[in-house]
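# Fold the following, please.
(one chain, ligands or ions: 1)
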Amino acid sequence: MSSPPAWPKPPSPKTPVPLRRGVGPEVLLRKHTRREFRERMQSGELKGCIIPVAAIEQHLEHLALEHDWRSVCHVAVAVAQRLRPHALVAEGLMAGISEHHMRHPGTLSLRPGTFLAALADLIESVVRAGFKNVLVLNGHGGNTAPVNGTWEQFLRMNPINLHFLSYWDVLTEADAKELLKSGHQLPSDLPGHAQEFETALALAAFPENVRTQMWTDQPDKKPSMATAKQGEEIIKRVVERVTVYMQEMIDGRRVAKIPPYFP
Ligand SMILES: [Zn+2]
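Next up, the predicted model:
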């Protein structure tokens with residue numbers, strides 16, 4: 001792979017740019033100026049990048065369309081905060097592959113080829129920026145098969161430590177048995193779709209997205225079993241385990257294997 005272009009000379013940096021002192025350096029890539037980003041990358045403190053991907057799609061009658069995007073970003077930011085100052089979150093692709101939800105207007109769906117092309121460009125952008133550890137963190141089931149089916153190509157195009165993980169994959173059936181009342185099957189109950197799991201997560205992290213006056217006013221009433229307390233425990237476990245996953249990537253204990261090329 002060719003090396004990234006030489007850094008442009010900074011315009012006479014007399015004083016270092018303060019990076020939100022008091023709360024620690026910013027974790028969202030888009031909040032940096034080019035100088036702030038450049039200086040942090042050049043200093044060597046930025047070790048890992050999380051690219052969240054998800055969907056904007058119907059979530060029954062009671063959850064906002066943004067649920068998958070909002071939840072994966074919630075996890076990504078919490079993980080980056082725990083890894084401060086070594087990780088950033090690079091948002092750039094809100095919609096996902098949601099053709100199977102298009103009977104419900106309001107859903108935004110990308111064709112698989114469009115989604116994969118945009119994801120490839122985002123990965124290449126952060127690799128060219130200097131990141132050697134990149135985690136594509138997924139929050140929507142419809143993206144999983146297309147990404148897994150083409151992941152070998154992504155690895156060959158970006159021979160760095162590149163990983164793809166759906167955030168619920170760090171949870172097990174034992175977690176589902178302990179945390180959920182309506183069912184314990186993976187993946188139909190965990191993560192499920194707008195069911196108890198996702199509703200609990202929203203109640204804990206962004207309750208304004210849950211229309212509790214609607215959640216029993218639909219054929220499927222299981223989402224109404226969710227509580228914010230459940231959601232807090234789900235988020236705690238997910239964030240802890242994804243943080244460990246990313247820390248292992250940064251430490252070199254979790255290394256992506258570049259698949260072989262044709263001889
Ligand atoms: Zn969802």
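
# Around the ion, pick out the residues from the stretch 51-200 of the chain.
The interface of the stretch 51-200 of the chain toward the ion, taken as Cβ under 5 Å from the ion, is made up of His67, Asp68. Any C-beta I mention is one placed from the backbone N, CA and C, and that applies to glycine too.

# Count the neighbours of whichever residue of the stretch 151-263 of the chain sits closest to the ion for me.
When scored by Cβ to the ion, the stretch 151-263 of the chain has Glu198 as its residue closest to the ion, at 5.1 Å. Using other Cβ atoms under 10 Å, Glu198 has 26 other residues around it.

# Next one: it relative to Gly142, how far apart?
Relative to Gly142, Glu198 is positioned 14 Å away (Cβ to Cβ, to the nearest Å).

# can you pull out the strands in the stretch 151-263 of the chain?
161-166 (DSSP state E, counting those that start in this stretch).

# show me where pLDDT drops low in it?
Residues of the stretch 151-263 of the chain meeting the criterion pLDDT under 70: none.

# all helices for it, in order.
Secondary structure of the stretch 151-263 of the chain (DSSP state H, counting those that start in this stretch): helices at 173-179, 196-205, 228-251.

# OK, contacts around Asp175?
Contacts for Asp175 (Cβ atoms under 8 Å, 6 or more residues apart in numbering) come out as Leu190, Ile234, Arg237.

# Bridging across strands, which residues link to Gly96?
Ser109 (DSSP bridges).

# Contacts only, for Asp68.
Counted by Cβ under 8 Å, 6+ apart, Asp68 has contacts Ala54, Ala55, Ile56, Glu57, His59, Gly96, Gly139, His140.

# shouldn't the first one be in contact with Gly141?
Put plainly, it is Ala54. No: if you go by Cβ atoms under 8 Å, Ala54 and Gly141 don't touch, sitting 10.1 Å apart.

# who's more crowded, the two?
Shown here are Ala54 and Gly141; by other Cβ under 10 Å, Ala54 has more neighbours (28 against 19).

# okay, that one: pLDDT?
pLDDT for Ala54: 98.

# What residues does the closest residue in space to Leu201 that isn't next to it in sequence make contact with?
Once flanking residues are discounted, Leu201 sits nearest to Gly231: 4.7 Å by Cβ to Cβ, 6 or more residues apart in numbering. By Cβ under 8 Å, 6+ apart, the contact set of Gly231 is Thr199, Ala200, Leu201, Ala202, Leu203, Ala204, Ala205.

# returning to that earlier point: tell me which of the helices of the stretch 151-263 of the chain sits most buried.
Of all these, helix 196-205 has the most neighbours on average by mean count of other Cβ atoms under 10 Å, namely a mean of 25.

# in the stretch 51-200 of the chain, what residue is nearest the ion?
Closest residue of the stretch 51-200 of the chain to the ion, Cβ to the ion: Asp68 (4.2 Å).

# can you tell me the average pLDDT over the helix or strand hosting that residue?
Per DSSP states H and E: Asp68 is located in helix 67-82. Mean pLDDT, computed over helix 67-82, is 97.

# Let me have the helices of the stretch 151-263 of the chain in JSON lines, extended by distance to Pro146.
Output for those, formatted as JSON lines (distance: least, Cβ to Cβ, whole Å):
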{"stretch": "helix 173-179", "distance to Pro146": "25"}
{"stretch": "helix 196-205", "distance to Pro146": "21"}
{"stretch": "helix 228-251", "distance to Pro146": "21"}
